[in-house]
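>>> structure, please.
(one chain, ligands or ions: 1)
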Amino acid sequence: VFEEKHFKYIIVGGGVAAGHAAMEFTRQGLHPGELAIISKEGVAPYERPVLSKSYLFPNEAARLPSFYVCDEDYKKKRLLPQWYVNKGIELILGTEVVKTDLASKTLTVASGRIFRYGTLIIATGSEAIKLTDTGVQGADAKNIFYLREIIDADELVKGMKRKYKGKAVVIGGGVISLEVAAAMRINGFDVSLLYRKPWFMHELFTPAIASFYEKYYSDKGIKLIKGADVVGFETASNGELKTVKLKNGKALQADIVVVGIGGRPLTALFKGQVEEEKGGIKTDGLFRTSVPDVYAVGDVATFPAKRYGDMRRVAQVDHARKSAEQAVKAIKASEDGDFNIEDYDYLPFSNSSYFDLSWCFYGDSVGEPMMFWDKRTTSTTKPKFVTYWYHDGSVVGAFLEGGSAAEERGLAAMVRLRPTVPKDELARKGVSFATAL
Ligand code: FDA
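Model prediction:
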């Protein structure tokens, strides 16, 4: 029988949100021994987006400790494992929570050990949706990879070494698939990118934005196969992958497959104990759930998006950081009897980079999209363009390719204001409307 261990605060999950919550706790004032982070992963919290980018590069690949969670001003303060020791934060790694009882405030981990908390932060993130879940034939073949955690990335890197410069098929037209396809191309693979939709990044990209990136990908030698539905995989007698079979009867040769078809929030541990909405754990603007002393942050939280008047679940790293900080501020404020803390004001943000391109997006993609190229862009300069989403006389969202860090900050500030501007003035100013603020 294990002794029970008690912590004032426990964070379940040791990803991006957990790392940023720990940092915020120390800013707000934390005593040694008060906080524990229990994580299934064997390493301290790190910046997950690196896994589909520089982690996979052939040269100077990113490896820990270079991308442990770090503060907003990047690289100024990186939370190395020793940082947690110094702060008296217990990092309980390689440990899966398998049962929770929110009524008695206890968590049980795989070994049977029980933890008791005063306040709980749920930060379990998401898991990758698998083709085996949907019963795609042969989806358990060797050399089919998914990417969520560092161990997945390590497996993929090993697979890439085994199948060096072979035929790679990347399934999915979302942000992770695009990044992985680019990284595999940089590694010399013969890459095909398959997606169901008529253009990739279908949720965010307009046809005009997509056509720029699709041409770029094609020029880099990546084959784009649109409207593709994968129905199965054929394997050789040794279990090695041979082909990817499509619904239209075609088959593609493949040595290695990476599947990026989306994520699913990890909420099962709390089912029936806490209110849910839109597939996530329902919270208020302070990330409090329906259960007292239980907060949910990052990918798992469905929270009120104040400026849009709706409930949203957001699987983006910027939100993971900010929601974690907000929850910790709220916890500390409630202990101090301060109930004036403002609700979370989320401005949607996403970004990505591939090859020598990099884009960012802020706001809402509703209304009429208007795209403008930087007039100084030539065939020899780096591409630079903007797309505004124009709605009821205002700019409500903006996308920028090729902007500097200062321009990206300016873009965020501009979108946050939802500026009202006549359409012809916006057209006349083009890119400078975004970058001049
Ligand atoms: P996160 O997934 O980071 O952490 C959850 C942690 O909980 C994990 O350590 C997990 O092991 C642990 N856990 C789960 N269940 C547990 C249990 N029962 N017991 C113990 N531990 C448990 N976003 C973006 O804005 N820009 C980008 O470029 C990218 N790129 C990107 C690439 C890749 C490969 C991925 C997988 C994701 C991205 N994202 C992204 C998304 C971004 O990484 C994601 O939104 C944040 O990591 C979410 O942070 P969380 O802390 O909520 O979950």
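>>> list the contacts for Trp199?
Trp199 sits next to 173, 205, 207, 210-211, 214, 226 when contact means CB atoms under 8 Å, 6 or more residues apart in numbering. (Each C-beta comes from the backbone N, C-alpha and C, glycine too.)
>>> list buried residues within the residues you listed.
173, 205, 210, 214 (16 or more other CB atoms under 10 Å).
>>> among the contacts of Trp199, which ones are in helices?
207, 210-211, 214 (DSSP state H).
>>> least trustworthy helix or strand in the chain by mean pLDDT?
The helix or strand of the chain with the lowest confidence, counting by mean pLDDT, DSSP states H and E, is helix 431-435 at a mean of 85.
>>> not counting sequence-adjacent ones, nearest residue to the residue most central in space within the chain?
Residue closest to the average C-alpha location in the chain (CA atoms, centre = their mean): Gln316, at 4.0 Å. Among residues not flanking Gln316 along the chain, Ser350 sits closest, at 5.5 Å (CB to CB, 6 or more residues apart in numbering).
>>> got it, and Glu149?
Leaving out its chain neighbours, Glu149 is closest to Glu41 (CB to CB, 6+ apart), at 5.6 Å.
>>> hmm, that neighbour is touching Gly14, no?
Yes - counting by CB atoms under 8 Å, Gly14 is a contact partner of Glu41 at 5.6 Å.
>>> overlap of the contact sets of the two?
Common neighbours of Glu41 and Gly14 (CB under 8 Å, 6+ apart) are Leu93.
>>> more crowded one of those two?
Gly14 (28 against 21; other CB atoms under 10 Å).
>>> mind listing what the residue in the stretch 101-250 of the chain that the ligand sits nearest to touches?
Per CB to the nearest ligand atom, Gly125 is where the stretch 101-250 of the chain lies closest to the ligand, at 2.4 Å. Going by CB under 8 Å, 6+ apart, Gly125 touches 13, 15-17, 265-266, 298-300, 320.
>>> quick check: it vs His319, distance?
12 Å (CB to CB, to the nearest Å).
>>> which neighbours do these two share?
Gly298.
>>> re earlier: dump the ones in helices among the contacts of Trp199 into JSON lines; add distance to Met370 as well.
JSON lines is the format used below for the ones in helices among the contacts of Trp199 (distance: CB to CB, whole Å):
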{"residue": "Pro207", "distance to Met370": "13"}
{"residue": "Ala210", "distance to Met370": "16"}
{"residue": "Ser211", "distance to Met370": "16"}
{"residue": "Glu214", "distance to Met370": "20"}
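>>> tell me the contacts of Leu64?
43, 46, 150.
>>> that one and Leu80: what is the separation?
9 Å.
>>> neighbours around whatever residue of the stretch 251-400 of the chain ends up closest to the ligand, how many?
For the stretch 251-400 of the chain and the ligand, the shortest gap (CB to the nearest ligand atom) falls at Gly298, measuring 2.2 Å. By other CB under 10 Å, 33 other residues sit near Gly298.
>>> nearest residue to it other than its sequence neighbours?
Ala17 (3.4 Å).
>>> mind checking the SS state of the one you found?
helix (DSSP: H, G, I helix; E, B strand; the rest coil).
>>> and the lengthiest helix in the chain, which residues are buried?
The helix that spans the most residues within the chain, counting by DSSP H, is helix 317-335. Of all the residues in helix 317-335, those buried under the rule 16+ other CB under 10 Å are 317-332.
>>> confidence score at Tyr74?
Reading off the confidence values, Tyr74 has pLDDT 50.
>>> hmm, back to that, which of the buried residues of helix 317-335 come close to the ligand?
For the ligand, the contacts drawn from those by CB under 6 Å from any ligand atom are 317-318, 320.
>>> the residue of the stretch 1-150 of the chain found nearest the ligand - how many residues pack around it?
Taking CB to the nearest ligand atom, the ligand has its nearest neighbour within the stretch 1-150 of the chain at Gly15, 1.8 Å off. A count of nearby residues for Gly15, using other CB under 10 Å, gives 28.
>>> please tell me how far it sits from Phe399.
In terms of CB to CB, Gly15 sits 27 Å off from Phe399.
>>> please apply the same query to Phe189.
When Phe189 is compared with Phe399 (using CB to CB), they lie 29 Å apart.
>>> among these two, which residue is more densely surrounded?
Neighbour count, other CB under 10 Å: between Phe189 and Phe399, Phe399 has more, with 26 against 23.
>>> what helices or strands is the helix or strand harbouring that one leaning on?
Using DSSP states H and E, Phe399 maps to strand 394-401. In terms of contacts (3 or more CB pairs under 8 Å, 6 or more residues apart in numbering; DSSP states H and E), strand 394-401 is packed against strand 357-363, strand 385-391, helix 405-417, helix 431-435.
>>> one step back: so who does the residue nearest to the centre of the chain touch?
Per CB under 8 Å, 6+ apart, neighbours of Gln316: 348-350.
>>> from Gly337, how far off is it?
33 Å.
>>> now Thr124
30 Å.
>>> which stretches in the stretch 51-200 of the chain count as helices?
81-87, 150-162, 175-186 (DSSP state H, counting those that start in this stretch).
>>> only alpha carbons, please: show the last one as PDB.
Included here for helix 175-186 are C-alpha records, laid out as PDB according to Å, rounded to 0.1, in the frame of the first residue of the first chain:
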ATOM      1  CA  VAL A 175      -0.600  22.500 -40.200                       C
ATOM      2  CA  ILE A 176       1.400  19.600 -38.800                       C
ATOM      3  CA  SER A 177       1.200  17.600 -42.000                       C
ATOM      4  CA  LEU A 178       2.500  20.600 -44.000                       C
ATOM      5  CA  GLU A 179       5.400  21.100 -41.600                       C
ATOM      6  CA  VAL A 180       6.300  17.400 -41.600                       C
ATOM      7  CA  ALA A 181       6.000  17.200 -45.400                       C
ATOM      8  CA  ALA A 182       8.400  20.100 -45.700                       C
ATOM      9  CA  ALA A 183      10.800  18.600 -43.200                       C
ATOM     10  CA  MET A 184      10.800  15.200 -45.000                       C
ATOM     11  CA  ARG A 185      11.500  16.900 -48.300                       C
ATOM     12  CA  ILE A 186      14.400  18.700 -46.700                       C
END
